[in-house]
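**Student:** Need the 3D shape of this:
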Amino acid sequence: MTDTEFDIRSLPFPDALRWLRENGEPADPRTDIDTASLRRRFPRLASVTTTDLEVDSPHGPQPARLYRDASAPASGRGLVWVHGGAFIGGYLDMPESNWVALELAARGIPVFAVDYTKCLGDVHFPVPSDDVLAAWDHARSNAQELLGVTPDGLVLGGASAGGTLTAGAIARLRDAGRDVPAGIVSVYPAAHPDGGHPGEIPDPASPMTQIALNYAGSAELLADPHVFPGLGSGEGFPPTLVVVCELDGLRPSGEAFAALLADAGVDVAVHFEPGADHAHINEPADPTALPTIEAIADWIGGRARFPALAESESGAT
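**Tutor:** Residues are numbered from 1 along each chain as shown. Below is the predicted model of the structure:
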């Protein structure tokens, strides 16, 4: 079987994990998601410059990529962005990382997109979380040079597994008494061990729980709020944007996480994307993808008024 003959996401999780361990990240069969193709499709991206870098992490150097557009009106904010991939896949060239970063940079929000060690074989928490923290520390220490903003102008964000990692990193920063980011963007996160049923005891047979256990590394850590931040306290979190999708099986987790933060008095905005499914911003052709990216840009730039949490939960936009 070749890389292009199947979608690895269609495999049962144990099989997908085994396949990735043996073969590595599969090639994406799409021929129109490389940067050159995206620039042709979206001319507004033409002025965005990219620079490939590395971040020193306790677990080895991790790839990173800087996105800036000198022609775009500066927002005064920069974003450290972390892609998803069920903690076992994903990379900087996937649209959820590359296209999202290009679009935000073109709107005046420079982006530092980062990768992390995947939970394959013996790798589990805290390894990918440590990588995200190392990337955050690097960006904060070099904010002006890298992104042209002050350290206090940096926002941390991620999608899916990346949303889990970034929210967990903020919980770790808070509990260590360290400064937290100016804000957090959490796009369709898995903030609970079973994102479809937050508040319930995780079902070991559930695919979501299997992904969670592989990330956590033990059943005990499934209850750790540094691993799954929806289980902890929302106190001390910065202003937060949570994106939830109408058709996403993880939508209950995102909504519960937003409610947890709101109950703690955190300034929470919820963007509900009608007609969207999980990972929709990994598909530039999806008509629901660009509205989500625009909502992220508007929130980071302070240009948006989002509905109250109760309205968002009922499907208002």
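**Student:** so where's this structure shaky on pLDDT?
**Tutor:** 1-6, 304-317 (pLDDT under 70).
**Student:** hey, where'd the helices end up in the stretch 1-150 of the chain?
**Tutor:** Remark: helices assigned in the stretch 1-150 of the chain by DSSP state H, counting those that start in this stretch are 13-23, 35-41, 98-106, 127-141, 143-147.
**Student:** Point out the most buried one among those.
**Tutor:** helix 98-106 (a mean of 26; mean count of other Cβ atoms under 10 Å). Backbone N, C-alpha and C define where each C-beta goes, glycine included.
**Student:** Convert the C-alpha atoms of it to CSV, please.
**Tutor:** Coordinates of each C-alpha in helix 98-106 appear next as CSV, following Å, rounded to 0.1, in the frame of the first residue of the first chain:
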residue,chain,number,x,y,z
ASN,A,98,1.4,26.6,6.8
TRP,A,99,-1.7,28.0,5.3
VAL,A,100,-3.1,29.3,8.5
ALA,A,101,0.2,31.0,9.3
LEU,A,102,0.4,32.6,5.8
GLU,A,103,-3.1,33.9,6.1
LEU,A,104,-2.6,35.4,9.5
ALA,A,105,0.7,37.0,8.6
ALA,A,106,-0.9,38.6,5.5
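**Student:** neighbouring contacts of that helix?
**Tutor:** Residues from elsewhere that reach helix 98-106 (Cβ atoms under 8 Å, 6 or more residues apart in numbering): 33, 35, 38, 42, 44-45, 47-48, 50, 65, 67-69, 72, 79, 81, 92, 111, 113, 159, 281, 284, 290, 293, 296-297, 300.
**Student:** picking that back up, got a markdown table for the helices of the stretch 1-150 of the chain, with distance to residue 230 too?
**Tutor:** Output for the helices of the stretch 1-150 of the chain, formatted as a markdown table (distance: least, Cβ to Cβ, whole Å):
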| stretch | distance to residue 230 |
| --- | --- |
| helix 13-23 | 20 |
| helix 35-41 | 33 |
| helix 98-106 | 23 |
| helix 127-141 | 15 |
| helix 143-147 | 29 |
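**Student:** Now list the buried members of the contacts of helix 98-106.
**Tutor:** 33, 38, 45, 48, 50, 65, 67-69, 72, 79, 81, 92, 111, 113, 159, 281, 284, 293, 296-297, 300 (16 or more other Cβ atoms under 10 Å).
**Student:** Residue 117: which of the helices of the stretch 1-150 of the chain is closest?
**Tutor:** Nearest to residue 117 among these is helix 127-141 (4.9 Å), distances taken as Cβ to Cβ.
**Student:** Now do the phi/psi pair for the nearest residue to residue 131 once chain neighbours are set aside.
**Tutor:** In space, and not counting its chain neighbours, residue 131 is closest to residue 116: 3.8 Å by Cβ to Cβ, 6 or more residues apart in numbering. For residue 116, the backbone dihedrals (degrees, to the nearest 10) come out as phi -160, psi 160.
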